[in-house]
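Asks: Build the 3D model from these lines:
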Amino acid sequence: MRERFHLLALVSLIAILLIACPSLAQAPPIAIRGKVTSLEMESNESWRLKYNAKVELQFINVSDHRVILAKRDPLYVENAYGSWENGEITFSGSETPMPVMYSDINQDLPPADKVVVLAPGDLYTTHTTVALEFDRPEPGTPDREFYPKSRHAKLELSMIFWPQITASRSEADADDFPDDLVDAFRARWAAAGELVTGEVDTEPIDVKLPPAPPAPTASKLVLRGVVASIGPKQETNYDVSFKAELELEFVNAGAKPVFILKPEATRAEEFWLGFAGVMADPTVTGRERFLTDWAAWPSISRSPEWEQLRKSLDTREPAEELLWVIPPGRSHSYHASALLRFIKKRDSLYPKRAIWSEIAELRQMWMVISLQVWPNNMEAEGGPGNPVFGRKLRARWASLGTLELGEDGIIESEPMQFALPTTQ
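Replies: The predicted structure is shown next:
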């Protein structure tokens, strides 16, 4: 009798869960399996090792009815983030689908060039490329996890069955769009199959890793400086800002000369100051250390001037008219200006930033800035995180010194102490 009571209770609990959570009652009609077809090293730097994994994906109809999916080959996965557990790393990423134009699929039957209809048991094969990044330990943290000893990683991707349908207002029937385009096509194509929406995770994909290559020797270039002055307060209804004048030094703490592209050699004629962050404790690390910060980086340009600069640099030996040469133990001075902005009220855009009333109470603060010393525009083939041209020059000149490429082209300063003007 007791066993029967427990069984009835279990059945009742399952029924309640199925009513409360309909998704439990019906498994996704699609299973996604993948395999890595190739793994190519994109970059090997002193701070990061990066591979590009080419992945074949199979969308399999595991239901008992026909289903309709959007065609896309290749799929686009912008980023995959690694998480460690018990010495193993799992990369997780999500598909970023390109929108489907209403005019491209506005047909009575599913258009074969835009969608795929799968019968039970059928599969659709597509491909994607996923960047896998392994961050090398920083000096002083040799025991931090970097590369799995098993030389295996797992890759899990979240795939979207049907992307957003975008209404093209240039179409003659633009005013006739239904409010919910996906529901409209689901009803229109019901005889052909079920239009599947939502997301589903792939089954874990095994990634076999090669031995980790040795890390290149870092240049040991240090950017340090002082806040020479803070300008008068500028105030709006939204924020309070100050202009800080900085006296900086690029210090070569290594054993080899360092070559830095002269800012005046570029079209900007100065290093792009793309980040400034303010903190209360200079010993805290990580992004959460900042009370407030802002970032703005330039867009990529393919103008002829950059091509000419690449040709001028592509020489057997460093062109000293285009480069600073900093010997070991020496430095090169540089002046920069940074704008410090403090919001007056928290909002949904910056929910964690300190507001001006909190900042005004602090007697001392520290500032960190980032300069772009190797512009993205120097790279015609690669780009941010993959300086193909820069690495070629660095390897060619290695016996003479080290071409400074920064981390993704950027150098971050040591913290600089400052205080805001007291007469405000």
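Asks: Which parts of this structure are helices?
Replies: In the chain, the segments counted as helices under DSSP state H are 2-20, 22-25, 102-105, 181-188, 304-313, 356-359, 388-396.
Asks: quick one: low-confidence ranges for this protein?
Replies: The chain contains residues with pLDDT under 70 at 1-26, 139-140, 142, 167-179, 382-384, 423-424.
Asks: can you list contacts of stretch 198-206?
Replies: Here stretch 198-206 makes contact (C-beta atoms under 8 Å, 6 or more residues apart in numbering) with 28, 30-36, 55, 57, 90, 94, 152-161. Every C-beta, even on glycine, is put in place using the N, C-alpha and C of the backbone.
Asks: I misspoke; the intended subject was stretch 267-284.
Replies: Stretch 267-284 is contacted from outside by 263-264, 289-298, 301, 303, 305-306, 334, 336-340, 359, 362, 365-373, 375, 410, 412, 415, 417, using C-beta under 8 Å, 6+ apart.
Asks: what's the distance between the nearest residue to P232 once chain neighbours are set aside and N79?
Replies: Spatial nearest neighbour of P232, chain neighbours left out: P421 (7.1 Å); criterion: C-beta to C-beta, 6 or more residues apart in numbering. Per C-beta to C-beta, to the nearest Å, P421 is found 41 Å from N79.
Asks: Could you do I205 as well?
Replies: From I205 to N79 the distance is 16 Å (C-beta to C-beta).
Asks: neighbour count winner among the two?
Replies: Using other C-beta atoms under 10 Å as the criterion, I205 and N79 rank with I205 on top: 21 against 12.
Asks: Quickly list what that one is bridged to.
Replies: Beta-bridge partners for I205, by DSSP bridges, are L155.
Asks: contacting residues around I89?
Replies: Taking C-beta under 8 Å, 6+ apart as the test, what I89 contacts is 82-83, 134, 145, 148, 153-154.
Asks: Distance check, it against Y147.
Replies: For I89 relative to Y147 (C-beta to C-beta), the value is 8 Å.
Asks: shared neighbours of these two, which are they?
Replies: Common contact partners of I89 and Y147 (C-beta under 8 Å, 6+ apart): F134.
Asks: So which of the contacts of I89 wins on neighbours?
Replies: Neighbour-wise, the contacts of I89 (other C-beta under 10 Å) top out at A153, 24 neighbours.
Asks: Does that residue touch G87 like I think?
Replies: No: using C-beta atoms under 8 Å, A153 is not in contact with G87, being 11.4 Å away.
Asks: on that earlier part again, I'd like to know which of the contacts of stretch 198-206 are buried.
Replies: Buried by 16 or more other C-beta atoms under 10 Å: 28, 30-32, 34, 36, 55, 57, 90, 94, 153-157, 159-161, out of the contacts of stretch 198-206.
Asks: just to revisit the earlier point, nearest to P328, of the contacts of I89?
Replies: Using C-beta to C-beta, F134 comes nearest to P328 of the contacts of I89, at 29.7 Å.
Asks: residues in contact with that closest one?
Replies: 48-50, 82, 89, 146-147, 212.
Asks: Just the buried subset of those residues, written out for ChimeraX, thanks.
Replies: Applying 16+ other C-beta under 10 Å to these, the buried members can be selected in ChimeraX as follows:
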select :48,49,50,82,89,146
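Asks: Format the contacts of F134 as JSON lines; extra columns: distance to A112.
Replies: As requested, the contacts of F134 are exported to JSON lines (distance: C-beta to C-beta, whole Å):
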{"residue": "R48", "distance to A112": "43"}
{"residue": "L49", "distance to A112": "42"}
{"residue": "K50", "distance to A112": "38"}
{"residue": "G82", "distance to A112": "38"}
{"residue": "I89", "distance to A112": "40"}
{"residue": "F146", "distance to A112": "47"}
{"residue": "Y147", "distance to A112": "45"}
{"residue": "A212", "distance to A112": "45"}
